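J.: structure here, sequence nowhere to be found:
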């Protein structure tokens, strides 16, 4: 399995997303940090499969709608979306804040579903973004829900880099924070990932897998509503786990 080629293919589509316009072969090669010859092979393969087309007069290449069509079909059958999204949409509409569904991938949390808040000032991450477990409410919920032995083993291998001045960088302090969250049933970050961002999260077990559901928004809105949001999340967890 050629992992490098797979990575470069994804990099190529991300380059188009950033540029928002056709790109020449040399521009694509620079964007994916590959020799022109290697890039040409990827481009020709994608062109032959119907994912790219070439514009004449040296205008370059651009993706066709095929990837979008496949993505739409895939998204329409997403089992997580079918199970979680209707409930998460109600939570977003009731609170006005951004709702996040995450899962642990090694030492990071990955956002699987992002429903942006309804406020003009809101937290706007992207699906597929990663966050270190120790700096996010989602990550803390995922860590705190692990069996003690597994959690201790994972924490023993984790680095705790500082992201803001409020990031927890001590293992003892993080363990204490996780114990506090586990005791009350919900986990919080306050300025630990982004200086003015606050989030509250709960772990949710569905079909034997652990996810986290979080509400995130500016500190000035979240602080006063924290316990109310936590209560909503606990009710949501009971609803989702009843249907697991």
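T.: Noted; the coordinates are in hand. Every value quoted in this text rests on a predicted model; they were computed, and no experiment measured them.
J.: backbone dihedrals for residue 215, please?
T.: Main-chain torsions, residue 215, degrees, to the nearest 10: phi -110, psi 130.
J.: so how far is residue 123 from it?
T.: Look at residue 215 and residue 123: by Cβ to Cβ, to the nearest Å, they are 9 Å apart. Where C-beta positions appear, they are placed from N, C-alpha and C, glycine not excepted.
J.: overlap in contacts, these two.
T.: Shared contacts of residue 215 and residue 123, defined by Cβ atoms under 8 Å, 6 or more residues apart in numbering, are found at 97-98, 199.
J.: closest one of those residues to residue 129?
T.: Using Cβ to Cβ, the shortest approach to residue 129 within the shared contacts of residue 215 and residue 123 belongs to residue 98, at 12.3 Å.
J.: the closest one against residue 218, yeah?
T.: No. When contacts are counted by Cβ atoms under 8 Å, residue 98 is not listed as touching residue 218 (10.3 Å).
J.: who touches both of those two?
T.: 122-123.
J.: can I have the buried ones of the shared contacts of residue 215 and residue 123 as a ChimeraX selection?
T.: The buried residues among these can be selected in ChimeraX (16 or more other Cβ atoms under 10 Å) with this line:
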select :97,98,199
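J.: let's see which of the shared contacts of residue 215 and residue 123 end up in strands.
T.: Secondary structure assignment (DSSP state E) places 98, 199 from the shared contacts of residue 215 and residue 123 within strands.
J.: export the shared contacts of residue 215 and residue 123 to a markdown table and append columns for pLDDT.
T.: Listed next are the shared contacts of residue 215 and residue 123 as a markdown table, based on pLDDT from 0 to 100:
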| residue | pLDDT |
| --- | --- |
| 97 | 97 |
| 98 | 97 |
| 199 | 97 |
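J.: mark out where each domain of the chain begins and ends.
T.: For the chain, the domain assignment from automatic domain parsing gives the residue ranges 3-69, 78-242.
J.: for those domains, which one ends up most surrounded?
T.: Scoring the domains of the chain by mean neighbour count under mean count of other Cβ atoms under 10 Å gives domain 78-242 as the most buried, with a mean of 18.
J.: so how far is it from its chain's centroid?
T.: Centroid separation for domain 78-242 versus its chain: 11 Å, with Cα atoms, centre = their mean, to the nearest Å.
J.: numbering from 247 from now on, please.
T.: Sure, I'll start numbering at 247, so the last one becomes domain 324-488.
J.: which stretches of this structure have low pLDDT?
T.: For the chain, the stretches flagged by pLDDT under 70 are 247-248, 488-490.
J.: what's the single longest helix in it?
T.: Assignment by DSSP state H gives helix 465-488 as the longest helix of the chain.
J.: show residues contacting that helix.
T.: The set of residues external to helix 465-488 that reach it, using Cβ under 8 Å, 6+ apart, is 329-330, 333-334, 337, 340-341, 343, 365, 430-432, 434, 436-437, 442-452, 459-462.
J.: mark which of those residues are part of strands, please.
T.: Among those, the members falling in strands are 434, 436, 443-452, 459-462 (criterion: DSSP E).
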